[in-house]
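just coords:
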(Lines give C-alpha, C1' and ligand atoms only; values in the text may rest on other atoms or scores of the structure.)
Protein backbone atom coordinates (compact mmCIF):
# COMPACT_ATOMS: atom_id res chain seq x y z
CA UNK A 1 0.00 0.00 0.00
CA UNK A 2 1.18 3.57 -0.73
CA UNK A 3 2.34 5.60 2.26
CA UNK A 4 -0.03 8.40 1.27
CA UNK A 5 -3.56 7.72 0.05
CA UNK A 6 -6.01 10.29 -1.32
CA UNK A 7 -9.46 10.03 0.21
CA UNK A 8 -11.01 9.57 -3.23
CA UNK A 9 -9.01 6.33 -3.66
CA UNK A 10 -9.95 4.93 -0.24
CA UNK A 11 -11.11 1.32 0.00
CA UNK A 12 -12.59 -0.48 2.99
CA UNK A 13 -9.52 -2.71 3.38
CA UNK A 14 -7.34 0.38 3.89
CA UNK A 15 -8.95 1.18 7.25
CA UNK A 16 -6.56 -0.80 9.51
CA UNK A 17 -3.49 1.10 8.27
CA UNK A 18 -5.07 4.55 8.03
CA UNK A 19 -7.02 4.81 11.26
CA UNK A 20 -10.66 5.51 12.03
CA UNK A 21 -10.87 9.23 11.25
CA UNK A 22 -9.25 8.89 7.85
CA UNK A 23 -11.38 5.86 7.08
CA UNK A 24 -14.51 7.83 7.97
CA UNK A 25 -13.57 10.66 5.61
CA UNK A 26 -12.85 8.22 2.78
CA UNK A 27 -16.14 6.42 3.38
CA UNK A 28 -18.16 9.68 3.41
CA UNK A 29 -16.51 10.85 0.19
CA UNK A 30 -17.27 7.51 -1.44
CA UNK A 31 -20.89 7.88 -0.39
CA UNK A 32 -21.14 11.23 -2.18
CA UNK A 33 -21.03 13.42 0.90
CA UNK A 34 -19.22 16.81 0.71
CA UNK A 35 -15.66 16.24 1.97
CA UNK A 36 -12.80 18.69 1.26
CA UNK A 37 -10.00 17.27 -0.91
CA UNK A 38 -7.34 15.59 1.17
CA UNK A 39 -5.20 12.56 1.84
CA UNK A 40 -4.27 10.23 4.65
CA UNK A 41 -0.80 9.29 5.84
CA UNK A 42 -0.37 5.64 6.77
CA UNK A 43 0.90 4.54 10.16
CA UNK A 44 3.98 3.07 8.47
CA UNK A 45 4.72 6.42 6.84
CA UNK A 46 4.40 8.16 10.20
CA UNK A 47 6.76 5.70 11.87
CA UNK A 48 9.25 6.05 9.01
CA UNK A 49 9.21 9.84 9.38
CA UNK A 50 9.97 9.50 13.09
CA UNK A 51 12.82 7.10 12.40
CA UNK A 52 14.29 9.22 9.60
CA UNK A 53 14.22 12.27 11.86
CA UNK A 54 15.81 10.44 14.76
CA UNK A 55 12.74 11.06 16.92
CA UNK A 56 11.50 7.52 17.54
CA UNK A 57 13.95 6.78 20.33
CA UNK A 58 13.38 10.16 21.99
CA UNK A 59 9.62 9.70 22.03
CA UNK A 60 9.88 6.14 23.33
CA UNK A 61 12.16 7.32 26.15
CA UNK A 62 9.77 10.09 27.16
CA UNK A 63 6.77 7.78 27.13
CA UNK A 64 8.65 5.24 29.25
CA UNK A 65 9.39 7.95 31.83
CA UNK A 66 5.69 8.72 32.35
CA UNK A 67 4.07 7.46 35.54
CA UNK A 68 0.41 6.79 34.60
CA UNK A 69 -0.53 7.21 38.26
CA UNK A 70 0.86 10.74 38.31
CA UNK A 71 -1.04 13.25 36.12
CA UNK A 72 1.77 15.74 36.69
CA UNK A 73 4.32 13.50 34.99
CA UNK A 74 2.02 13.20 31.99
CA UNK A 75 1.85 16.99 31.70
CA UNK A 76 5.63 17.33 32.02
CA UNK A 77 6.19 14.69 29.33
CA UNK A 78 3.79 16.53 27.04
CA UNK A 79 5.64 19.82 27.48
CA UNK A 80 8.96 18.15 26.77
CA UNK A 81 7.57 16.47 23.66
CA UNK A 82 6.35 19.81 22.32
CA UNK A 83 9.65 21.56 23.00
CA UNK A 84 11.89 22.35 20.06
CA UNK A 85 15.24 20.60 19.67
CA UNK A 86 18.12 22.42 21.34
CA UNK A 87 19.58 23.63 18.04
CA UNK A 88 16.35 25.41 17.05
CA UNK A 89 15.38 27.13 20.28
CA UNK A 90 17.38 30.28 19.63
CA UNK A 91 15.75 30.83 16.24
CA UNK A 92 12.10 29.94 16.85
CA UNK A 93 9.43 30.76 19.41
CA UNK A 94 6.85 27.98 19.54
CA UNK A 95 3.44 29.20 20.76
CA UNK A 96 0.23 27.23 21.12
CA UNK A 97 -1.82 30.41 20.71
CA UNK A 98 -1.09 34.13 20.30
CA UNK A 99 -3.54 36.44 22.05
CA UNK A 100 -3.26 40.11 22.96
CA UNK A 101 0.49 40.03 22.23
CA UNK A 102 -0.27 39.60 18.52
CA UNK A 103 0.32 43.33 18.04
CA UNK A 104 3.88 42.92 19.35
CA UNK A 105 4.45 39.95 17.05
CA UNK A 106 3.28 42.00 14.07
CA UNK A 107 5.49 44.93 15.14
CA UNK A 108 8.57 42.70 15.05
CA UNK A 109 7.63 40.98 11.80
CA UNK A 110 9.60 41.44 8.58
CA UNK A 111 7.67 38.82 6.58
CA UNK A 112 4.44 36.98 7.36
CA UNK A 113 4.27 33.32 6.36
CA UNK A 114 0.86 31.77 6.80
CA UNK A 115 -2.57 30.92 5.52
CA UNK A 116 -4.69 33.53 3.78
CA UNK A 117 -7.99 33.72 5.59
CA UNK A 118 -9.81 37.04 5.39
CA UNK A 119 -8.74 38.12 8.87
CA UNK A 120 -5.03 37.46 8.32
CA UNK A 121 -4.96 39.08 4.88
CA UNK A 122 -6.85 42.13 6.13
CA UNK A 123 -4.47 42.58 9.08
CA UNK A 124 -1.38 42.29 6.87
CA UNK A 125 -2.75 44.85 4.43
CA UNK A 126 -3.80 47.27 7.16
CA UNK A 127 -0.32 47.05 8.71
CA UNK A 128 1.56 47.09 5.42
CA UNK A 129 3.22 43.72 6.00
CA UNK A 130 4.60 41.70 3.08
CA UNK A 131 3.50 38.09 3.12
CA UNK A 132 4.10 34.66 1.71
CA UNK A 133 0.69 33.02 1.68
CA UNK A 134 -0.03 29.28 1.54
CA UNK A 135 -3.81 29.17 0.99
CA UNK A 136 -5.66 26.45 2.88
CA UNK A 137 -7.01 23.95 0.31
CA UNK A 138 -10.66 22.96 0.40
CA UNK A 139 -12.12 26.16 1.86
CA UNK A 140 -15.57 27.18 0.67
CA UNK A 141 -15.24 28.56 -2.84
CA UNK A 142 -11.46 28.40 -2.47
CA UNK A 143 -11.73 31.80 -0.80
CA UNK A 144 -8.22 31.72 0.66
CA UNK A 145 -6.66 31.45 -2.79
CA UNK A 146 -8.82 34.36 -3.96
CA UNK A 147 -7.69 36.45 -0.97
CA UNK A 148 -4.02 35.70 -1.56
CA UNK A 149 -4.15 36.23 -5.32
CA UNK A 150 -5.75 39.65 -4.81
CA UNK A 151 -2.76 40.83 -2.78
CA UNK A 152 -0.31 39.09 -5.10
CA UNK A 153 -1.77 40.98 -8.06
CA UNK A 154 -0.76 44.28 -6.44
CA UNK A 155 2.74 43.02 -5.68
CA UNK A 156 2.09 42.83 -1.94
CA UNK A 157 2.48 39.08 -1.47
CA UNK A 158 3.84 35.85 -2.87
CA UNK A 159 1.45 32.90 -3.17
CA UNK A 160 2.74 29.38 -2.65
CA UNK A 161 0.02 26.75 -3.35
CA UNK A 162 0.18 23.88 -0.88
CA UNK A 163 0.23 21.30 -3.66
CA UNK A 164 3.62 22.61 -4.79
CA UNK A 165 5.00 23.33 -1.33
CA UNK A 166 8.29 21.65 -0.45
CA UNK A 167 10.73 22.39 2.40
CA UNK A 168 13.46 23.36 -0.06
CA UNK A 169 11.18 25.56 -2.13
CA UNK A 170 9.90 27.37 0.95
CA UNK A 171 13.39 27.97 2.31
CA UNK A 172 14.51 29.33 -1.06
CA UNK A 173 11.52 31.66 -1.35
CA UNK A 174 11.88 33.00 2.20
CA UNK A 175 15.62 33.50 1.78
CA UNK A 176 15.11 35.38 -1.47
CA UNK A 177 12.51 37.69 0.06
CA UNK A 178 14.41 38.42 3.25
CA UNK A 179 17.59 38.95 1.26
CA UNK A 180 16.17 42.08 -0.38
CA UNK A 181 14.89 44.44 2.36
CA UNK A 182 14.12 47.23 -0.11
CA UNK A 183 11.90 45.00 -2.23
CA UNK A 184 10.27 43.66 0.93
CA UNK A 185 9.42 47.21 2.03
CA UNK A 186 7.84 47.90 -1.36
CA UNK A 187 5.76 44.72 -1.01
CA UNK A 188 4.47 46.04 2.30
CA UNK A 189 3.52 49.37 0.73
CA UNK A 190 1.66 47.63 -2.07
CA UNK A 191 -0.20 45.45 0.40
CA UNK A 192 -1.21 48.54 2.37
CA UNK A 193 -2.69 50.04 -0.81
CA UNK A 194 -5.50 47.47 -0.53
CA UNK A 195 -6.37 48.39 3.05
CA UNK A 196 -9.72 50.04 3.75
CA UNK A 197 -9.31 51.58 7.22
CA UNK A 198 -12.93 52.79 7.40
CA UNK A 199 -14.41 49.49 6.20
CA UNK A 200 -16.55 49.09 9.33
CA UNK A 201 -18.05 52.56 8.91
CA UNK A 202 -18.78 51.88 5.25
CA UNK A 203 -20.60 48.64 6.10
CA UNK A 204 -22.70 50.40 8.77
CA UNK A 205 -23.65 53.18 6.35
CA UNK A 206 -24.59 50.60 3.72
CA UNK A 207 -26.77 48.73 6.21
CA UNK A 208 -28.58 51.93 7.14
CA UNK A 209 -29.12 52.70 3.45
CA UNK A 210 -30.58 49.24 2.84
CA UNK A 211 -32.84 49.44 5.91
CA UNK A 212 -33.98 52.93 4.97
CA UNK A 213 -34.72 51.92 1.36
CA UNK A 214 -36.92 49.02 2.54
CA UNK A 215 -39.03 51.01 5.01
CA UNK A 216 -42.68 51.36 3.99
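Okay, I see it. As the structure is a prediction and not an experimental result, all values here were calculated from the model. Residues are numbered from 1 along each chain as shown.

which secondary structure element is home to residue 99?
Under the criterion DSSP states H and E, no helix or strand holds residue 99.

report the contact partners of the residue positioned nearest the centre of the chain.
Most central in the chain under CA atoms, centre = their mean is residue 115, positioned 4.9 Å from the mean C-alpha point. By CB atoms under 8 Å, 6 or more residues apart in numbering, the contact list for residue 115 reads 133, 134, 135, 136, 144. Using the backbone N, CA and C atoms, a C-beta is placed for each residue, glycine as well.

do that again at 7 Å, thanks
Applying CB atoms under 7 Å, 6 or more residues apart in numbering, we find residue 115 in contact with 134, 135, 136, 144.

can you redo the residues you listed as a markdown table with distance to residue 43, pLDDT and neighbour count?
Shown next, in a markdown table, are those (distance: CB to CB, whole Å; pLDDT from 0 to 100; neighbours: other CB atoms under 10 Å):
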| residue | distance to residue 43 | pLDDT | neighbour count |
| --- | --- | --- | --- |
| 134 | 26 | 94 | 20 |
| 135 | 29 | 94 | 22 |
| 136 | 25 | 90 | 17 |
| 144 | 30 | 94 | 24 |
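
looking at the residues you listed, spot the one nearest residue 78.
Using CB to CB, residue 136 comes nearest to residue 78 of the contacts of residue 115, at 26.6 Å.

break the protein down into its structural domains.
The chain breaks down into these domains under automatic domain parsing: 4-53, 65-94, 102-192.

off-centre distance for the helix ranked longest in the chain?
When the chain is scanned for its longest helix (criterion: DSSP state H), the result is helix 199-213. Centroid separation for helix 199-213 versus its chain: 34 Å, with CA atoms, centre = their mean, to the nearest Å.
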